[in-house]
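# Got a sequence here, can you model it:
(chains A, B and C)
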Amino acid sequence: MPGESLGVPASPLPLLAPGAEPTDVGGEMHRLIRDLYPICRSITGNGVRETLRRVAEIIPLETHEVPTGTRVFDWVVPKEWNIADAYVKDANGHRVIDFAESNLHVLNYSIPVQAKMSLAELLPHLYSLPEHPEWIPYKTSYYEERWGFCLSQRQLAGLKEGTYEVHIDAALTAGSLTYAECFIPGESPDEVLISCHVCHPSLCNDNLSGIALCTYLASRLQACARRYSYRFLFIPGTIGAITWLALNRDAASRVKHGLVVANVGDEGRMHYKKSRRGNAEIDRAVAHVLGHSGAPYEILEFSPYGYDERQFCSPGFDLPVGSLTRTPYGRYPEYHTSADDLQLVKPERLEDSLATYSKVVHLLENNKRFVNQNPHCEPQLGRRGIYRQMGGKMESKQTELAMLWVLNLSDGRHSLLDIAERAGIRFELILEAAILLSEHKLLAQC
Amino acid sequence: MPGESLGVPASPLPLLAPGAEPTDVGGEMHRLIRDLYPICRSITGNGVRETLRRVAEIIPLETHEVPTGTRVFDWVVPKEWNIADAYVKDANGHRVIDFAESNLHVLNYSIPVQAKMSLAELLPHLYSLPEHPEWIPYKTSYYEERWGFCLSQRQLAGLKEGTYEVHIDAALTAGSLTYAECFIPGESPDEVLISCHVCHPSLCNDNLSGIALCTYLASRLQACARRYSYRFLFIPGTIGAITWLALNRDAASRVKHGLVVANVGDEGRMHYKKSRRGNAEIDRAVAHVLGHSGAPYEILEFSPYGYDERQFCSPGFDLPVGSLTRTPYGRYPEYHTSADDLQLVKPERLEDSLATYSKVVHLLENNKRFVNQNPHCEPQLGRRGIYRQMGGKMESKQTELAMLWVLNLSDGRHSLLDIAERAGIRFELILEAAILLSEHKLLAQC
Amino acid sequence: MPGESLGVPASPLPLLAPGAEPTDVGGEMHRLIRDLYPICRSITGNGVRETLRRVAEIIPLETHEVPTGTRVFDWVVPKEWNIADAYVKDANGHRVIDFAESNLHVLNYSIPVQAKMSLAELLPHLYSLPEHPEWIPYKTSYYEERWGFCLSQRQLAGLKEGTYEVHIDAALTAGSLTYAECFIPGESPDEVLISCHVCHPSLCNDNLSGIALCTYLASRLQACARRYSYRFLFIPGTIGAITWLALNRDAASRVKHGLVVANVGDEGRMHYKKSRRGNAEIDRAVAHVLGHSGAPYEILEFSPYGYDERQFCSPGFDLPVGSLTRTPYGRYPEYHTSADDLQLVKPERLEDSLATYSKVVHLLENNKRFVNQNPHCEPQLGRRGIYRQMGGKMESKQTELAMLWVLNLSDGRHSLLDIAERAGIRFELILEAAILLSEHKLLAQC
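Numbers count the residues shown, from 1 in each chain, chains lettered A, B, ... in the order given. Have a look, this model is predicted:
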């Protein structure tokens, strides 16, 4: 829908209708996830580069390389990690644990190793999940040099006494940390920051779903006129957010609203974790969209534990950034295991998440203040035929009430979201009323 | 009770005891309603004039005529409407619908008509209430020139095919809009605005009850010394409020508290709809009076839909005006039908409503700030014999507590209502304590 | 534990562990109560002096004598009251009421009397409790000169017609009002005021328990380094508080937090009555300690009725002083009767109350503001080995969260109590995290 505007128009333009793309966007999101699934990502290395290269086939990405050793606040960009192959062979030369079958089998960021050892020597390097005997856990060791393998409890139980050959063909070398931005300029230099982590290997909900959502939301936004500028970050978790903040303090200072995207493909209800500020416009916008969604949802207070909102909401930045997910990290059993796979994420849930994000963006874009041009008593709406304009609509009574609320509260102090909240009417209807009244010169934008 | 004071006296004067008139004020209110019931009122015309003439027999009224065509903000004063007779006759010359039986039978503000027509031609001009087959609905068409008749569903069902003679002897002519004020000056130019609509024909609860309440509350207030000035408005709904506000901006700017009066005679509980401000003194005063009434009640948030508070609370005025009713408009089945009649309104409910309004006025009059003249530690009340003065009262423990609260919070920042709210003690007792303490020079008014 | 510090140390010092004294402090408190129990106290006189003399054997006390007739705000220090003996003898010369058996038998502040009279003449001077026939009530008449005896309903019922000899060997003479202070200086001149009333005769919960708590809390505080200065008041109720405030306005102006101590030995749950301010630091500190105590408790709003918080919270002072008790005055049946005896107060409840006061003091001492020295993003805690330092603790996950909260909210605006409240984590854990982070130079005190 090129040229469409998200903002309140001077003349009546069609609004962004979230989720109204002609294409099967949920299916496309799922295809992107499937495409990215086999790549072995980590907080650095070629897996991230390959991931970003494929995303860049859909949206324009600017990719950045930050050299190993770069100081970023209290942290240092680590060595780059790459891996070619890894396995454990039994005495018969059978690969009993094989990186080629699942990149989760290797402790992420393992140092290289080539050794023979007894089972007793091997065991301290093996990680499994006794409570889910078929699943491989996902483990990392970024800042302590170790090696290890992850495997299912069933596999572990099958290991017999004997000599094993352990091989990890990995490299930890001076290189760089890779991240990418998709910047979509708007009328205003004020920015909306939307961030996903790209450091997890073959895990779908956490966080290929977030990568897919950012990709297709950016794609959708490119097609619309925009009030705000949008900056999508594709960054490794924690160190990527810290690196971006350290190198982009000007951009950070322009962030007016932000969301951290993760776990948006599972069957669970939407969850919104508020920003540190707790009552920022983004917090109220998401709460309003979820509250009027008709679906169950949950609002969580901010806590300094979770995804990269930890960094964006650190006291030196205190950005108004929350996190909008389906089931939050750690609350679903498949989290950080091989069961977070292509079956766990559903095209229709991905599409529903994208629609929710679109509604939030739509609200932010249109949440303006107006001034009633006829503030003394009500204007005579009947004379202008406004009631008739609403006549054909099912919810004309609600629309009339929406117009009266907009007229009553448009004193320059109340935003449309303020009005929607006080009226208990969904934002779209309040916006529709504001547009109609603006067309009749009864409202003017502040 | 001439000369009595509503305010806190320098020396102990008897207080207004609301509802303590010697006469049967509920009965008088009901008699006034009965007297006004047959008159065919509308937003303009002789019905309003006749109504005001009769009210003026009880309280002094200043009547205003605003010519047709006068611009009032976004509106224009309409043509004046008067009606002499109206009927529909069947082929036998029988009046099957007759204005003489009920003025509700004519669509209020109908244009004149004299015609013969088939039932099929007549039907689009007829209004009934299928869900209440015995009741005549009340319908208007002020700003679109139409004609019509209202009738019971039973009557409608009895109409047979045939030719009907339709006759409405009405006139829509250049004239004026009529409204009246009863202004009762007080010590201060600050005003309390109390407003009722006078535009409804033979409907009792909505709003002959409001007219009766305003009349007798004004009468009662005339007999008392007053801190505030009081302005009672007898105005047609919507256009009357807009006209008054347009022509009386100085008076409007002096309004410190206000109430819109309607539906005060039915059996329902009291309802208070807050002003746009939501926490104005009038909002808190009414909530306090209702909260301590011992009777069930309901507090409603402001909304820009309802009676003339819509205009008083428009953003250009934002006056602290709420609406205190029994059952609100639209929430009782008889609303805007012929069943809103003399049986629906009860003398004892009218009297109870008047008593409630009187208590609110009493609270506003006496809601002052005091300063404890002995702010360091408690004064020695026992030495002054104050405890003994309270000794004879049943609730002396409560009165002692009231005195301690008044002393503790009278730091110049807290009004007596603030104190009553925090103490959870009814205002009258707090006031009584303040008077006693003032007499003993322990308090001084701010 | 001499030399231990209550405050956040520059280097890691052991914290005050409230209730961790080696001695049986509850038993010691109960022994002090038993020692003071027989003394006949009143608002003046030798009973108070003797009481203070014994307390001064445990903690240093400065005793003050304020002469009869001294004006203190609206009050005047009364005559001093002392009593040697009192009885009522029947015709046979038997002491049917005997002060030597219980000092409650005499109306406190009785004028001297020596007379013979009939039972009918005696009866108006006798006070009993029909609802508790075995208990002697406690009655006073400080400001009206009267005489009387209190006795059990059973005793009263046994009095036969006849002539009685009434003897009260009391003296009401120019003397002085006695009170004492235990002042324990701290780093800051800002004071914490802890006050108990010493005017009640043989009554244990009200208020020998309060005297014992103040004594042992002062004793404990002497042994610690202190940020605040502490002033313990041992004063007669009402007139003592008024006298102290009148004569110590400088000290009053330095009070930053305060508690009135009474009824701290019974079996009931803790109750905290808030200061007039309602949200003072002391109010929040006590609420936090009680909320994390694991025991049931109750928070009461301020009211200007109760103990000496009435005076401290009078509007001319408005000190942040609440009252922390077990069962409040008047809410237990033994209140102000001979049943408020040595059995009603339990060593373990006294000790628990002392522990609660100690935790409140500990919180106040340590409730400081810090500034995150690394406010941009999280610091790399792992590199510093901080996680390992917590590794041995059962609640290391909670401690990690506590550290993240402290880092996130230490922007100079949030105190540790603010952080504890928002995080929902108990203050001790937040404090422990702050100390650990301070040691690693990640926090600095404001």
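# contacts, neighbours, all on C-alpha from now
Noted.
# distance of A:G162 from A:G148?
18 Å (C-alpha to C-alpha, to the nearest Å).
# The two: who's more crowded?
Legend: neighbour count by other C-alpha atoms under 10 Å in any protein chain shown for A:G162 and A:G148, higher for A:G148 (24 against 12).
# Who are the contact partners of that one?
A:106-107, A:110, A:125-127 (C-alpha atoms under 8 Å, 6 or more residues apart in numbering or on different chains).
# Next: A:P320.
A:255-258, A:275-277, A:280-282, A:313.
# For it, give me the pLDDT.
pLDDT for A:P320: 98.
# ok, now how distant is it from chain B?
According to C-alpha to the nearest C-alpha, to the nearest Å, A:P320 stands 29 Å off from chain B.
# So A:A402 belongs to a helix, correct?
Yes. With DSSP: H, G, I helix; E, B strand; the rest coil as the criterion, A:A402 is assigned to a helix.
# Locate the residue nearest to it when sequence neighbours are not counted within the secondary structure: which element?
Sequence neighbours aside, A:I430 is the residue nearest to A:A402 in space, at 5.3 Å (criterion: C-alpha to C-alpha, 6 or more residues apart in numbering or on different chains). Assigned by DSSP states H and E, A:I430 belongs to helix A:427-439.
# Buried ones in that helix, by neighbour count?
Buried residues in helix A:427-439, counted by 16 or more other C-alpha atoms under 10 Å in any protein chain shown: A:427-438.
# Also stretch A:303-311?
Neighbour counts over stretch A:303-311 (16+ other C-alpha under 10 Å) mark A:303-304, A:307-311 as buried.
# Quick check: end-to-end length of that stretch?
Stretch A:303-311 has an end-to-end distance of 12 Å (criterion: C-alpha to C-alpha).
# show me where the stretch 301-446 of chain A has helices.
Here the stretch 301-446 of chain A has its helices, by DSSP state H, counting those that start in this stretch, at A:309-312, A:347-366, A:386-391, A:396-409, A:416-423, A:427-439.
# Could I get the contacting residues of A:L156?
Going by C-alpha under 8 Å, 6+ apart, the list of residues near A:L156 reads A:S128.
# Check for me that it belongs to a helix.
Yes. Counting by three-state DSSP, A:L156 is located in a helix.
# pretty sure A:L61 is touching A:C214, no?
No. Between A:L61 and A:C214 there is no contact under C-alpha atoms under 8 Å: 11.7 Å.
# and the closest residue to A:L404 other than its chain neighbours, what is it in contact with?
Spatial nearest neighbour of A:L404, excluding adjacent residues (C-alpha to C-alpha, 6+ apart): B:P304 at 5.9 Å. Going by C-alpha under 8 Å, 6+ apart, B:P304 touches A:401, A:404-405, A:408, B:310, B:313.
# With pLDDT added, can I get these in CSV?
Shown next, in CSV, are those (pLDDT from 0 to 100):
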residue, pLDDT
A:L401, 95
A:L404, 97
A:W405, 98
A:N408, 98
B:R310, 97
B:C313, 98
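# after the helix or strand bottoming out on mean pLDDT in chain A, next one along is what?
Across the helices and strands of chain A, mean pLDDT, DSSP states H and E gives its lowest value to strand A:4-5, namely a mean of 43. Using DSSP H and E, the helix or strand that follows strand A:4-5 in sequence is helix A:25-36.
# list the helices and strands that following helix packs on?
The helices and strands touching helix A:25-36, judged by 3 or more C-alpha pairs under 8 Å, 6 or more residues apart in numbering or on different chains; DSSP states H and E, are helix A:209-222, helix A:347-366.
# Go through that helix and flag the buried ones.
A:25-26, A:28-30, A:32-33, A:36.
# Pull the most distant pair out of the residues you listed.
A:V25 and A:L36 (16.6 Å; C-alpha to C-alpha).
# neighbour-wise, which of A:L61 and A:C214 wins?
Between A:L61 and A:C214, A:C214 has the larger neighbour count (other C-alpha under 10 Å), namely 27 against 20.
# Is the closest residue in space to that one that isn't next to it in sequence within a helix or a strand, and which one?
Ranked by C-alpha to C-alpha, 6+ apart and with sequence neighbours excluded, the top spatial neighbour of A:C214 is A:F232, at 6.8 Å. Element membership for A:F232 (DSSP H and E) is strand A:229-235.
# Contacts for that strand, please.
A:52, A:178-199, A:211, A:214, A:218, A:241.
# now the angle between helix A:209-222 and it, please.
Between strand A:229-235 and helix A:209-222, the angle comes out at 160 degrees (axes from the mean of the first three to the mean of the last three C-alpha atoms, to 10 degrees).
# what's near enough to touch A:K160?
By C-alpha under 8 Å, 6+ apart, A:K160 lies in contact with A:L119.
# redo that, cut-off 10 Å
Neighbouring residues of A:K160 by C-alpha atoms under 10 Å, 6 or more residues apart in numbering or on different chains: A:90-91, A:118-119.
# can you check A:H167 too?
Going by C-alpha under 10 Å, 6+ apart, A:H167 touches A:85-89, A:98, A:112-116.
# among the residues you listed, which ones are buried?
A:86-89, A:98, A:112-113, A:116.
# Going by distance to B:A444, which of those residues wins?
A:P112 (86.6 Å).
# Phi, psi for that closest one please.
With angles defined as degrees, to the nearest 10, A:P112 sits at phi -70, psi 150.
# which ones are touching it?
A:82-83, A:86, A:145-148, A:166-172.
# and the gap between it and A:R95?
17 Å.
# again with A:N46
Following C-alpha to C-alpha, the distance that separates A:N46 from A:R95 is 25 Å.
# What parts of chain A come near chain C?
A:72-76, A:143-144, A:238-239, A:241-243, A:245-246, A:276, A:301-305, A:308-318 (C-alpha under 10 Å from any C-alpha of the partner chain).
# Please pick the buried ones from the residues you listed.
The neighbour-count test (16+ other C-alpha under 10 Å) marks A:72-76, A:238-239, A:241-243, A:245-246, A:276, A:302-304, A:308-318 as buried among these.
# Tell me which of those residues fall in strands.
Within these, residues falling in strands by DSSP state E are A:72, A:75-76.
# What ranges in chain A fall below the confidence cut-off?
A:1-22, A:388-395 (pLDDT under 70).
# Spell out which residues of it are next to chain B.
Near chain B, when you scan chain A using C-alpha under 10 Å from any C-alpha, you find A:371-383, A:400-412, A:422-423.
# Give me the buried entries from those residues.
Of these, these count as buried by 16+ other C-alpha under 10 Å: A:371-381, A:400-411, A:423.
# To what extent is A:D352 buried, counted in neighbours?
Quick note: A:D352 (other C-alpha under 10 Å) scores 19 neighbours.
# That one and A:G268 touch, don't they?
No. Contact between A:D352 and A:G268 fails when scored by C-alpha atoms under 10 Å: they sit 11.3 Å apart.
# could you list every residue that touches the residue positioned nearest the centre of chain A?
Nearest to the mean C-alpha position of chain A, by C-alpha atoms, centre = their mean, lies A:V261 at 1.6 Å. By C-alpha under 10 Å, 6+ apart, A:V261 lies in contact with A:194-197, A:206-207, A:209-214, A:307-309, A:322-326, A:353, A:357.
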